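>>> Build me a model from this:
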Amino acid sequence: MLESEDRPSDSPHIARVWRGRSSGVHRMTSVAVSTWEIVVWTERGRVHAAARGPETAAAAAEVPDGSESLGISFAHGTSMPHLPMRRLVDAQLDSPHATARSFVLGGEEWPVPGFDSAEQFVARLVKAGLIVRDPLVAEVLAGGARDGHGVGARSVQRRVLAATG
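The predicted structure follows:
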């Protein structure tokens, strides 16, 4: 069984927050998505954390029995300046160090967020400059502002590419 729940967020940086728990499941289908996320999971008592990128196609994913996961899926236009989004497309970058209390992101140690405290966690990342949001990208991807508010079409393309990979 794969139990999961998710919720929307009022943060302009976050699309949704989710958590899950597995029992007796070995594989699942990971659907194609155009956003990236930070995921923290526990597998066989060991904590892992990673930034996972946009996925261009659905794929089978292993699900360790008894694992627990928490994810923060970021809104379109949100990115990490220190990590080019193109490196995350169809990939994940694992934190070099993770414990039940903290993990490393952008060379700094950060507390593991909770399901109900994801917005506060992301606000701290924004304040530290690890997370930025380009509202023009979000607007263009939602189907608006094709003219880029006075920004040339090629500049809009570059900004969308930088924010989405």
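
>>> Pull up the gap between residue 117 and residue 123, please.
From residue 117 over to residue 123 the distance is 10 Å, taken as CB to CB, to the nearest Å. For every residue, glycine as well, the C-beta is placed using N, CA and C.

>>> So which elements touch the longest strand along the chain?
In the chain, with assignment by DSSP state E, the single longest strand is strand 14-22. Where contact means 3 or more CB pairs under 8 Å, 6 or more residues apart in numbering; DSSP states H and E, strand 14-22 is packed against strand 2-8, strand 68-74, helix 118-127.

>>> Give me whichever of those is most buried.
Highest mean neighbour count of these: strand 68-74, a mean of 20 (counted as mean count of other CB atoms under 10 Å).

>>> Spatially nearest residue to the most centrally placed residue in the chain, not counting backbone neighbours?
Central residue of the chain (CA atoms, centre = their mean): residue 37, 1.0 Å from the mean position. Of all residues not flanking residue 37 in the chain, residue 73 sits nearest, at 4.4 Å (CB to CB, 6 or more residues apart in numbering).

>>> so what's the closest residue to residue 111 other than its chain neighbours scoring on pLDDT?
Using CB to CB, 6+ apart and skipping the chain neighbours, the partner closest in space to residue 111 is residue 102 (5.4 Å). Per-residue pLDDT puts residue 102 at 97.
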